[in-house]
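*Asks:* Sequence first, predicted coordinates after that:
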Amino acid sequence: MPTRTQHQSHSKTKTQGRRDTKSSHTTTDHDEIRRWVEERNGHPARVIGTGGGEDPGLVRIDLPGFSGEGKLEPISWEEFFEAFEENQLAFVYQDEKKSGEPSTFSKFVRRERETVQSR
């Protein structure tokens, strides 16, 4: 089962069943990533002009109201996760802001074998 890493300041601690939704989390779990993105009405995308052939190029998460308009092109979840695994990426995200509002913070990082297990 994939693990999730919690980030607070610069220290890392693994979660043990409960989640602090205001901290950032790192995961490689496809279902968890898809749930987070779809709850925010987002979708997988690629940067236009990158990749070629079967390579989608640079993958991104396109969320409503952000600056991807005209620069991003929607792709399928299958294409997205294929590139995600091929590039050994992990997804860092935050569930809520300190105010309690849903957060849209997310980024991709290189996978760390000791802190995140792949699907």
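*Replies:* Perfect, thanks for sending it. Numbers count the residues shown, from 1 in each chain.

*Asks:* What residue in this structure is the furthest from its centre?
*Replies:* G53 (23.9 Å; C-alpha atoms, centre = their mean).

*Asks:* Give me the buried positions along the helix or strand hosting E73.
*Replies:* E73 is part of strand 72-74, with elements assigned from DSSP states H and E. For strand 72-74, a neighbour-count test (16 or more other C-beta atoms under 10 Å) marks 72-73 as buried. Heads up, the C-betas are built off the backbone N, CA and C, glycines and all.

*Asks:* could you show me where the helices are in the chain, in order?
*Replies:* In the chain, the helices defined using DSSP state H lie at 30-39, 77-86.

*Asks:* got a markdown table for the ones you listed, with mean neighbour count too?
*Replies:* Below are these laid out as a markdown table (neighbours: other C-beta atoms under 10 Å):
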| stretch | mean neighbour count |
| --- | --- |
| helix 30-39 | 16 |
| helix 77-86 | 17 |
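
*Asks:* Need those in CSV (columns: mean pLDDT).
*Replies:* Putting the helices of the chain into CSV (pLDDT from 0 to 100) gives the following:
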stretch, mean pLDDT
helix 30-39, 98
helix 77-86, 96
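
*Asks:* closest one to D95 among those helices?
*Replies:* Taking C-beta to C-beta, helix 30-39 is the member of those nearest to D95, at 7.6 Å.

*Asks:* which residues of the chain score low on pLDDT?
*Replies:* 1-22, 68, 113-119 (pLDDT under 70).
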